[in-house]
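Peer 1: after the sequence you'll find the predicted model.
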Amino acid sequence: MKKLVFIEANTSGSGMLAFEKARQLNIEPIFFTNNPTRYKGLQEKHVQTVICNTNSLDELQNKILPYLEGNDLLGITTTSEFYIYTIARLNEYFHLEGNSSFTISNVRNKAKMRELLNNYDFLYCPDFFVIEDEEDLTSIKNELKLPCIVKPVDDSGSSLVLKCNSYGEICQHIKHIKSSPYNSRGQKKDSSILIEEFIEGEEYSIECLSYKMQHHIIGITKKIVDNEPYFVEVGHYFPAQLENWTKQLIEQSIIQILNLIEWQFGPSHIEFKIKAKKLCIIEFNGRLAGGMIPEIIKYATSLDLLQEQIKIVCGVPPTPEVKVKQVAAIRHLAPQKSGKICLSFPERGLQNIAAVKIFIKNDIFIPKATNAYGRIGYLIATGSNYQEVKTKLDEGEKALKICIKENAF
Ligand SMILES: Nc1ncnc2c1ncn2[C@@H]1O[C@H](COP(=O)(O)OP(=O)(O)OP(=O)(O)O)[C@@H](O)[C@H]1O
Ligand SMILES: [Mg+2]
């Protein structure tokens, strides 16, 4: 049987689902991880699991080598952003098709991407500074405009992304970022910090699939963000309601960016705003969208993006037919303050909700969500238009009767 190696996975659901998708294509997944207990539901998948140091390229090369015998290995992939550079290096080592490690090192670093895309007229390029520590701040102090965004260059899930309204807040946040040199996967973070112009306005993402530099645009998603001064993604609507000229501008600009950075293979998820009638990139992600966006796209169009990703790794060009049947949206539940949470699963009130999931137990202390990992559940709804879907989500959320007791601990 043909095999596909997965190096680690995301923990938001699609990671474990990817194994099923591979099997549906008659491909046996082999999962490499340094910590199987990180993944809820892994045991039930009965996947051959190799435990090793997935942060060591040498170790991975040695452990993968035996699987190359017999020509059964179709490819190496991941559903986690933290390993796409590792995948590129492994593909180069084993002479497998994939994006170059040069391209991936650019897209994994927000400062490099800002520098790379800075001089193109078709884009709105925000002011930005790349600094190493607090001392570097003094030299740019007079140039800083407030409010601004301060963020690590290579983290994910909105971790440590903060809107700062004063010089003092910037200093404090830089110290905070510097206090955790490793990411959630035990990888050493890049030491640079990005300070950039705060871009006002609505935020969107675009989902694309590429194969040998042929790019397919899947669609545009409207993003809802909350919990200032943090940026927790609390909602996604697909497809976004946009005028034709905006849609065209977005699609043309995105194709140019994909070509510029030599993005050859696989999914990409690009977050952006529109400023001065130009596209302003917030972030380029060389992976499928998180936050269950692929799931709402499936509700809206029937297209299975995760399966498309697996096909691409296995050398099958994607033929995504995007026919929008309905609007679909997700509402993530993100506590806006810390406290003991209680909620109920009512008998009535959720009849218009397509899916609901709560990750927490009742009556336990939950901190205010400051990033994607602090969310406690979600609701999905579908309908014929944006307003109908929003109303269903509002009613569904209300029916859960979520309350946060601030002083109950
Ligand atoms: N320059 C900016 N102007 C306005 N908002 C911004 C800016 N940079 C980041 N944000 C907000 O912060 C959010 C998180 O930032 P960013 O995407 O860079 O972090 P991330 O950790 O890689 O996110 P994720 O992995 O969740 O996509 C963005 O989606 C956006 O809402
Ligand atoms: Mg982002």
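Peer 2: Cool, the structure landed. Residues are numbered from 1 along each chain as shown. Ligands and ions are numbered 1, 2, ... in the order given.
Peer 1: what about the residue in the stretch 1-150 of the chain that ligand 1 sits nearest to, how many neighbours?
Peer 2: Closest residue of the stretch 1-150 of the chain to ligand 1, Cβ to the nearest ligand atom: residue 149 (4.2 Å). Where you see a C-beta, it was placed from the backbone N, CA and C, and this is true even at glycine. Neighbour count for residue 149, taken as other Cβ atoms under 10 Å: 21.
Peer 1: and the gap between it and residue 159?
Peer 2: 13 Å (Cβ to Cβ, to the nearest Å).
Peer 1: the residue of the stretch 1-150 of the chain closest to ligand 1 and residue 160: what is the separation?
Peer 2: 11 Å.
Peer 1: residue 88 now?
Peer 2: 25 Å.
Peer 1: same deal with residue 315?
Peer 2: 38 Å.
Peer 1: one more: residue 406?
Peer 2: For residue 406, the distance to residue 160 - Cβ to Cβ - is 25 Å.
Peer 1: same check, this time on residue 119
Peer 2: 28 Å.
Peer 1: most proximal residue of the stretch 1-150 of the chain with respect to ligand 2?
Peer 2: Using Cβ to the ion, the closest approach of the stretch 1-150 of the chain to ligand 2 is made by residue 110 at 8.9 Å.
Peer 1: can you get me a residue count around that residue?
Peer 2: Neighbours of residue 110 (other Cβ under 10 Å): 25.
Peer 1: got it, and residue 70?
Peer 2: 8.
Peer 1: wait, is it part of a helix?
Peer 2: Yes: counting by DSSP: H, G, I helix; E, B strand; the rest coil, one finds residue 70 located in a helix.
Peer 1: number the chain from 609, please
Peer 2: Sure, I'll start counting at 609 from here, so that last one is residue 678.
Peer 1: relative to residue 925, how far out is it?
Peer 2: From residue 678 to residue 925 the distance is 25 Å (Cβ to Cβ).
Peer 1: same check on residue 857?
Peer 2: 27 Å.
Peer 1: repeat that for residue 802.
Peer 2: 35 Å.
Peer 1: so for the two, which sits in the more crowded spot?
Peer 2: Neighbours per residue, other Cβ under 10 Å: of residue 802 and residue 925, the larger number sits with residue 802, 24 against 13.
Peer 1: dump the residue contacts of that one.
Peer 2: 718, 719, 722, 736, 737, 738, 757, 758, 759, 760, 761 (Cβ atoms under 8 Å, 6 or more residues apart in numbering).
Peer 1: next up, phi/psi of residue 962, please.
Peer 2: phi -80, psi -30 (degrees, to the nearest 10).
Peer 1: next, count neighbours for it.
Peer 2: Neighbours around residue 962, by other Cβ under 10 Å: 19.
Peer 1: skipping adjacent residues, who's closest to it in space?
Peer 2: Leaving out its chain neighbours, the residue that sits closest to residue 962 by Cβ to Cβ, 6 or more residues apart in numbering is residue 988, at 4.7 Å.
Peer 1: let me see the contact set for the one you found.
Peer 2: If you count contacts by Cβ under 8 Å, 6+ apart, then residue 988 has 900, 903, 904, 907, 936, 937, 938, 939, 961, 962, 963, 964 around it.
Peer 1: just residue 869 next, same as before
Peer 2: 711, 714, 715, 721, 724, 892.
Peer 1: ok, the helix or strand hosting the residue of the stretch 609-758 of the chain closest to ligand 1 near ligand 2 or not?
Peer 2: Per DSSP states H and E: residue 757 is located in strand 756-760. No: residues of strand 756-760 contacting ligand 2 under Cβ under 5 Å from the ion: none, with a closest distance of 9.4 Å.
Peer 1: paired strands for that strand, with orientation please.
Peer 2: strand 770-772 (antiparallel), strand 801-805 (antiparallel) (DSSP bridges).
Peer 1: the longest strand in the protein is where?
Peer 2: Secondary structure of the chain read by DSSP state E shows that its longest strand is strand 822-834.
Peer 1: what does the next helix or strand after that one contact?
Peer 2: The first helix or strand that comes after strand 822-834 along the chain, using DSSP H and E, is strand 840-846. The contact list for strand 840-846 (Cβ under 8 Å, 6+ apart) reads 766, 813, 827-835, 899-901, 904-905, 908, 935-942, 977-980, 982-983, 994, 997-998, 1001.
Peer 1: with stretch 785-796 instead?
Peer 2: 616, 642, 663, 688, 690-691, 741-742, 758-760, 762-764, 767-768, 797, 799, 801, 981.
Peer 1: quick one: residue 937 is in a strand?
Peer 2: Yes: assessed by three-state DSSP, residue 937 belongs to a strand.
Peer 1: list the contacts of it.
Peer 2: 843, 844, 845, 846, 904, 988, 989, 990, 994, 997, 998, 1001.
Peer 1: if you set the cut-off to 7 Å instead, what comes out?
Peer 2: 843, 844, 845, 904, 989, 997, 1001 (Cβ atoms under 7 Å, 6 or more residues apart in numbering).
Peer 1: in PyMOL, how would I select just the buried ones from the contacts of stretch 785-796?
Peer 2: Buried residues among the contacts of stretch 785-796 (16 or more other Cβ atoms under 10 Å), as a PyMOL selection:
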select buried, resi 616+642+663+688+690+691+758+759+760+762+763+764+767+768+797+801
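Peer 1: return the subset of the contacts of stretch 785-796 lying in strands.
Peer 2: 758, 759, 760, 801.
Peer 1: of those, which is the nearest to ligand 2?
Peer 2: residue 759 (9.4 Å).
Peer 1: which residue is the nearest non-sequential neighbour of that closest one?
Peer 2: residue 769 (4.3 Å).
Peer 1: what's the pLDDT at the one you found?
Peer 2: We have a pLDDT of 98 for residue 769.
Peer 1: surely it meets residue 839?
Peer 2: Yes: in this structure, residue 769 is within contact of residue 839 by Cβ atoms under 7 Å, at 5.3 Å.
Peer 1: more crowded one of those two?
Peer 2: The residue with more neighbours, out of residue 769 and residue 839, is residue 769; 24 against 21, by other Cβ under 10 Å.
Peer 1: run a quick neighbour tally on residue 1003.
Peer 2: Residues near residue 1003, counting by other Cβ under 10 Å: 16.
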